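Novice: starting from these lines, generate the structure:
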Amino acid sequence: MQVYGHTVECIAEYNAFGPWIDEVRTVDDLPRLYRDAGIDPASQRLVLKVPREIARRDATPQMHLYDSLIIVGQDELLVLARTQDSYTTMRTPFEDIVALENSIALLDGRLVVHTADGRTISVTYNGAAGAPVRSLVQLLRELYLPRRSDATAEVVEQDPPQLGLGRKDVDLARSYELVLLSEPGMRLVSAIPRRIVTPRGNNFRRALNLAWPVTLQASIMISDGREVQILHRRRWFTRPGDNTLSKGRTILPMSRIRTVDVDQHAQYEKLYLVSIRTPGTTVRFPTPVGSESSEALAQLSN
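Specialist: Have a look, this model is predicted:
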């Protein structure tokens, strides 16, 4: 059936389109582009449809309006990604997920799933409506982690330790407290306040840094022995005027970590660059010389 030159399905998809990720519960809710994939949402753990990054006023009924379909099945993560009027397929067994990175800067949300074969699954979304993505991250973590043994299941209630991050990072400290409320088995590994850093190099660079200083943003590392999580800003280094209204959470299952390398930072004095190597990817982040992060990670990976 057509309505003013468009099918009923086109009109329905257009009318429902918005800048948010929606859960798909029935076949009728699937975007038109992906209906030939044979996906039955009722038989999956979770199905999400991710809209194109276009304004509502620029959308038309004839467009394919969803950039990807994310399916969490019984044994694997399946992603159907739009390529013009077709789509590609990427299948990843849960045990091949080696790292998750989720961050929001203002309304710019980004989720990156790293896999053991070196591929990445990237999802951009409206940061004001990030609940479906947080649900996706939580579900993937439940599926890729080994079950707790009796020895690791015991949780001792405790007050969160004082982090000493300062007033500018109260939101980061609050994120840490919220994680502990939902995951009381997590323990603090390190909390690093923001600080001004000194660049390596000639006097000109040092003088420039005095007038326009570089700040290493605060970060918090936690672990329960099965995962290591880093709470951070999207950008680790900023200058005056840069947007720091962002939050990120990088999660790595401990069983996927192969080595942890600690090297002198190439650009800044008194900083290390920590490289957490897993099959398929390496997660890198800076940490001050003498901080607990590098030593603790080296111990956790043994």
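Novice: ok, now which ones touch the most centrally placed residue in the chain?
Specialist: The centroid of the chain falls nearest to Asn102 when counting by CA atoms, centre = their mean (1.6 Å). Neighbouring residues of Asn102 by CB atoms under 8 Å, 6 or more residues apart in numbering: Gly109, Arg110, Leu111, Val112, Val133, Arg134, Val137, Gly248, Arg249. Glycine gets a C-beta too; all of them are placed from N, C-alpha and C.
Novice: tell me which of those is nearest to Pro193?
Specialist: The closest of those to Pro193 turns out to be Gly248 (CB to CB; 16.9 Å).
Novice: beta partners for the closest one?
Specialist: Judged by DSSP bridges, the bridge partners of Gly248 are Ser103, His232.
Novice: just the pLDDT for it.
Specialist: pLDDT recorded at Gly248 is 96.
Novice: repeat for Ile54
Specialist: 86.
Novice: for it, helix, strand, or coil?
Specialist: Under DSSP: H, G, I helix; E, B strand; the rest coil, Ile54 falls in the coil class.
Novice: tell me, how many residues neighbour it?
Specialist: Ile54 has 14 neighbours, counted by other CB atoms under 10 Å.
Novice: for this protein, what helix or strand is lowest in average pLDDT?
Specialist: Across the helices and strands of the chain, mean pLDDT, DSSP states H and E gives its lowest value to strand 2-3, namely a mean of 38.
Novice: returning to what we had before: how close does the residue nearest to the centre of the chain sit to Val72?
Specialist: Going from Asn102 to Val72 by CB to CB, to the nearest Å gives 15 Å.
Novice: in this structure, which spans are helices?
Specialist: 8-16, 131-144, 150-153, 170-182, 203-211, 292-300 (DSSP state H).
Novice: mean confidence (pLDDT) on the first one, please.
Specialist: The average of the pLDDT scores along helix 8-16 is 76.
Novice: residues near the closest residue to Ile230 other than its chain neighbours, how many?
Specialist: Excluding its sequence neighbours, the residue lying closest to Ile230 (CB to CB, 6 or more residues apart in numbering) is Thr250, at 4.5 Å. A count of neighbours around Thr250, defined by other CB under 10 Å, yields 21.
Novice: pretty sure Thr250 sits against Val283.
Specialist: Yes: look at Thr250 against Val283 with CB atoms under 8 Å: they come within range, at 6.2 Å.
Novice: pLDDT below threshold where in the stretch 1-150 of the chain?
Specialist: Counting by pLDDT under 70, the stretch 1-150 of the chain contains low-confidence ranges at 1-8, 146-150.
Novice: which residues in it form strands?
Specialist: For the stretch 1-150 of the chain, strands defined by DSSP state E, counting those that start in this stretch occupy the ranges 2-3, 6-7, 22-23, 46-51, 66-72, 76-83, 86-93, 97-105, 108-115, 120-126.
Novice: now do the stretch 151-300 of the chain
Specialist: Along the stretch 151-300 of the chain, counting by DSSP E, counting those that start in this stretch, strands occupy 187-192, 195-197, 214-216, 219-223, 227-232, 237-238, 246-253, 259-264, 271-278, 281-288.
Novice: just to revisit the earlier point, filter the contacts of Asn102 down to the buried ones.
Specialist: Gly109, Arg110, Leu111, Val112, Val133, Val137, Gly248, Arg249 (16 or more other CB atoms under 10 Å).
Novice: for the second one, give me its contacts.
Specialist: The neighbours of Arg110, taking CB under 8 Å, 6+ apart as the test, are Glu101, Asn102, Ser103, Ile104, Ser122, Val123, Thr124, Tyr125, Arg234.
Novice: in a markdown table, list those along with distance to Pro31.
Specialist: Formatted as a markdown table, the contacts of Arg110 follow (distance: CB to CB, whole Å):
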| residue | distance to Pro31 |
| --- | --- |
| Glu101 | 26 |
| Asn102 | 23 |
| Ser103 | 26 |
| Ile104 | 24 |
| Ser122 | 18 |
| Val123 | 15 |
| Thr124 | 17 |
| Tyr125 | 15 |
| Arg234 | 29 |
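Novice: just the buried ones out of those residues, please.
Specialist: Neighbour counting over the contacts of Arg110 (16+ other CB under 10 Å) leaves Glu101, Asn102, Ser103, Ile104, Val123, Thr124, Tyr125, Arg234 as the buried ones.
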